[in-house]
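Sequence first, predicted coordinates after that:
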2 protein chains.
Amino acid sequence: MTTRAPRRDSVENRAGILDAARVTLATDPRASIDVIARSAGLSRRTLYGHFDDREALIRELISVGAQRFNAIAESVTDADSRIALARLAARLWQEAAHVQVAAALALDEAHVQHTADALAPLRRTVAALTRRGQEDGSFRTDLSAPTLARLIEEVARTVVSRTDASSTGAAGLAVRTLLSIAGLSWREADELLTAHPDIVESQEVSA
Amino acid sequence: MTTRAPRRDSVENRAGILDAARVTLATDPRASIDVIARSAGLSRRTLYGHFDDREALIRELISVGAQRFNAIAESVTDADSRIALARLAARLWQEAAHVQVAAALALDEAHVQHTADALAPLRRTVAALTRRGQEDGSFRTDLSAPTLARLIEEVARTVVSRTDASSTGAAGLAVRTLLSIAGLSWREADELLTAHPDIVESQEVSA
DNA sequence: ATTATCTTGCACACCATTGTGCACTATACG
DNA sequence: CGTATAGTGCACAATGGTGTGCAAGATAAT
């Protein structure tokens, strides 16, 4: 009596719900279950077949998203801490779709804790990077490392969630902003991005 | 048949409600009317005696707060655009209590428009200041003036609403952050604040 | 082709919240 | 004082959301 394999449409629908939730909640973090389900082309009742709870849905969304971020954090290995920060920002930006939900949900009182936990590795990376940047003289030292790291996180969240991801040069804007926060002068950031055009592919941030 | 003068407790209570709403909504922008009323030491029913609507209450909160901000914006007249920005940030920071509600409500879809309208003067000041800073070579020119102005606004909102206003040096943190965004190197910002200690100085911790 | 799996619509109970009507009490004003 | 003004508690209807039970229908796996 081995249980039958799960139906293909079922797993597809489950993924579809997560997708719809990601898109929908990025705009409105408290969209109703009904809106999410319909946006996935399914009925509200069906959604409850895949997820016990609104909670369960959101928790999974956060967990899956966090994994991507943490993987990105690991993938950045540049020796130059300035470049490392720039590249980290750019790569996260490419995940904008995912980042925006995370940014939105992270502000929701009910999920702050889970989000914080899930993103711990990324946060550790940022903290280490900040320390390194200060030690090698690349980053500002008028703020303590923890404070600066926090500031970088908060500003990153803001820039990512409140700029139009589709507009040209948006990625460049995000990267430049974070480098400024880290303490680089804008000219230095400019030079850096010119010297390493691979970091941000879509150029042109006109004056 | 001349109507009698309004009772003193009535106007006090009205003010108390606005106060309570300010404090409560700063933490949780969608706190219920009941919570706000009780936090003001009044019953829900009484609140409805003073304000037609949840809307009406919030609209007044925004209007009153916006007036303060706009007044501050007008009060900053420094010729040096860097100092003007620093002072503007510092003065707004002193209004932290008010700023935090504004920041929280400004993110609420239902009130974005009203908030934007009410804060138009402040926004105009920031825009003009940004343009001036770019023209006199103080601010960065790798971003267009409107983009930079928007960035300054967003980061200001973030810093103000997501840092502990009571912690020491918080005002300094806010000011330094904004100067960095404007394009100053952190050393330059540091010099500026050392040369003009009056900008961040003397933060009253009045309850 | 059979059947277990999945989707759906509908009804339901439940909850929090909003805004109002009303009778009653308290109190500040003149 | 007397009285208009204000506060309170309670009941009420309405809204919009959550999560569940169930029967009937669709469909993918075997």
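Nice, thanks for sending it over.

So which other helices or strands are in contact with the lengthiest helix in chain A?
Secondary structure of chain A per DSSP state H: the longest helix is helix A:54-75. Other elements packing on helix A:54-75 under the criterion 3 or more C-beta pairs under 8 Å, 6 or more residues apart in numbering or on different chains; DSSP states H and E are helix A:8-27, helix A:33-39, helix A:81-94, helix A:96-106, helix A:112-118, helix A:120-135. No exception for glycine: its C-beta is placed from N, CA and C like everyone else's.

Tell me which of the ones you listed lies nearest to chain B.
Chain B lies closest, by C-beta to the nearest C-beta, to one member of the helices and strands packed on helix A:54-75: helix A:8-27, at 9.2 Å.

That closest one and DNA strand D, are they touching?
Yes. Helix A:8-27 lies within reach of DNA strand D by C-beta under 7 Å from any atom of the strand, at A:8-9.

what does stretch A:44-63 give?
Yes. Legend: contact between stretch A:44-63 and DNA strand D by C-beta under 7 Å from any atom of the strand is shown at A:45, A:48, A:52-55.

Using CSV, write out every CA atom in that stretch.
Taking Å, rounded to 0.1, in the frame of the first residue of the first chain, the C-alpha atoms of stretch A:44-63 are listed here in CSV:
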residue,chain,number,x,y,z
ARG,A,44,-9.2,30.3,-1.5
ARG,A,45,-10.3,26.9,-0.4
THR,A,46,-7.6,25.2,-2.4
LEU,A,47,-4.9,27.4,-0.8
TYR,A,48,-5.9,26.1,2.5
GLY,A,49,-5.3,22.6,1.1
HIS,A,50,-1.6,23.5,0.6
PHE,A,51,-1.0,25.6,3.6
ASP,A,52,-2.4,25.2,7.1
ASP,A,53,-2.4,28.8,7.7
ARG,A,54,-1.6,32.3,6.6
GLU,A,55,1.3,32.0,8.9
ALA,A,56,2.5,28.8,7.3
LEU,A,57,2.4,30.4,3.9
ILE,A,58,4.4,33.4,4.9
ARG,A,59,6.9,31.5,6.9
GLU,A,60,7.7,29.4,3.9
LEU,A,61,8.0,32.4,1.7
ILE,A,62,10.5,33.9,4.1
SER,A,63,12.5,30.8,4.5
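
hey, least reliable of the helices and strands packed on helix A:54-75 by pLDDT?
Among those, helix A:96-106 carries the lowest mean pLDDT, a mean of 88.

At the contact with DNA strand D, which residues of chain A appear?
On the criterion C-beta under 7 Å from any atom of the strand, DNA strand D has as its neighbours in chain A the residues A:4-5, A:7-9, A:32-34, A:45, A:48, A:52-55.

Could you identify the buried members of the residues of stretch A:44-63 next to DNA strand D?
Buried members of the residues of stretch A:44-63 next to DNA strand D, scored by 16 or more other C-beta atoms under 10 Å in any protein chain shown, are residue A:54.

excluding its backbone neighbours, what's nearest residue A:72?
Spatial nearest neighbour of residue A:72, excluding adjacent residues (C-beta to C-beta, 6 or more residues apart in numbering or on different chains): residue A:91 at 4.8 Å.

Is that neighbour in contact with residue A:74, as I believe?
No. Contact criterion C-beta atoms under 8 Å: residue A:91 and residue A:74 do not qualify, at 10.8 Å.

Pick out whichever of these two has more residues nearby.
For residue A:91 versus residue A:74, neighbours defined as other C-beta atoms under 10 Å in any protein chain shown are more numerous around residue A:91 (17 against 11).

so what's the more buried one up against?
Going by C-beta atoms under 8 Å, 6 or more residues apart in numbering or on different chains, residue A:91 touches A:72, A:75-76.

picking up where we left off before, and which of the residues of stretch A:44-63 next to DNA strand D is nearest residue B:144?
residue A:54 (41.3 Å; C-beta to C-beta).

will you turn the contacts of residue A:91 into CSV that also has neighbour count and pLDDT?
Compiled in CSV, the contacts of residue A:91 are given as follows (neighbours: other C-beta atoms under 10 Å in any protein chain shown; pLDDT from 0 to 100):
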residue, neighbour count, pLDDT
A:72, 19, 97
A:75, 10, 97
A:76, 18, 97
